[in-house]
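> what's the 3D shape of this:
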Amino acid sequence: MMAKVVVAPVAEMPPGSRRRIQTETRAIAVFNVGGEFFAINDRCPHGGGSLSCGVLTGLVESDGPGRYRYSRKGEILRCPWHAWEFDLRTGRSVCDPARMKVRQWPARVEPGAALAAETFPVSVEDDYVVVEA
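From the prediction side, this is the model:
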């Protein structure tokens, strides 16, 4: 069973925002894309760049010469060091999805009243973004 890591109150992570959190063993980048939360390893598997500093973009697709379609705005993350791109939904590389990926963790919103610390109950009125890491 994975430990739950409280990231932030939902109100402090509006759509388009991101946070870098540090657990005992790893750094995780958390993104809010249109109200949906994604959590991935903050280290690019190519060169080690901090993905939490990367650019969020979309996917450019083509079904033939001169025809392009832009979709999935904000779901593709570009590493700030060498521009490798990763799909936030799958963690897989856009260029080499069969061989290259970044680790993901479940991220969701939970009511603050449902969260409890290891040794004592916590009473909170807001909702929080939580990552299972």
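
> for the rest of this, base every contact and every neighbour count on C-alpha atoms.
Noted.

> direction included, what does the helix or strand of the chain with the lowest mean pLDDT pair against?
For the chain, the helix or strand with the lowest mean confidence is strand 127-132, at a mean of 81 (criterion: mean pLDDT, DSSP states H and E). Partner strands and pairing direction for strand 127-132 (DSSP bridges) are strand 4-9 (antiparallel), strand 107-111 (antiparallel).

> export these to JSON lines and tack on mean neighbour count and mean pLDDT?
Formatted as JSON lines, the strands paired with strand 127-132 follow (neighbours: other C-alpha atoms under 10 Å; pLDDT from 0 to 100):
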{"stretch": "strand 4-9", "mean neighbour count": "17", "mean pLDDT": "89"}
{"stretch": "strand 107-111", "mean neighbour count": "17", "mean pLDDT": "90"}
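
> export those to CSV and tack on distance to Phe31?
Listed next are the strands paired with strand 127-132 as CSV, based on distance: least, C-alpha to C-alpha, whole Å:
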stretch, distance to Phe31
strand 4-9, 11
strand 107-111, 9
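
> and the longest strand belonging to the chain, which residues are buried?
In the chain, assigned by DSSP state E, the strand with the most residues is strand 67-78. Buried residues in strand 67-78, counted by 16 or more other C-alpha atoms under 10 Å: Gly74, Glu75, Ile76, Leu77, Arg78.

> cool, stretch 11-24 as well?
Met13, Pro15, Arg18, Arg19, Arg20, Ile21.

> which members of the residues you listed are the farthest-apart pair?
By the measure C-alpha to C-alpha, Pro15 and Ile21 form the most distant pair in those, at 17.5 Å.

> coming back round to it: ok now whichever helix or strand comes after the longest strand of the chain, how far from the chain's centre?
Using DSSP states H and E, the helix or strand that follows strand 67-78 in sequence is strand 85-87. How far strand 85-87 lies from its chain's middle: 11 Å, per C-alpha atoms, centre = their mean, to the nearest Å.

> just stretch 74-84 next, same as before
Taking mean C-alpha positions (C-alpha atoms, centre = their mean), stretch 74-84 and its chain are 12 Å apart.

> show the end-to-end separation of it, please.
Taking C-alpha to C-alpha, to the nearest Å, stretch 74-84 runs 15 Å from one end to the other.
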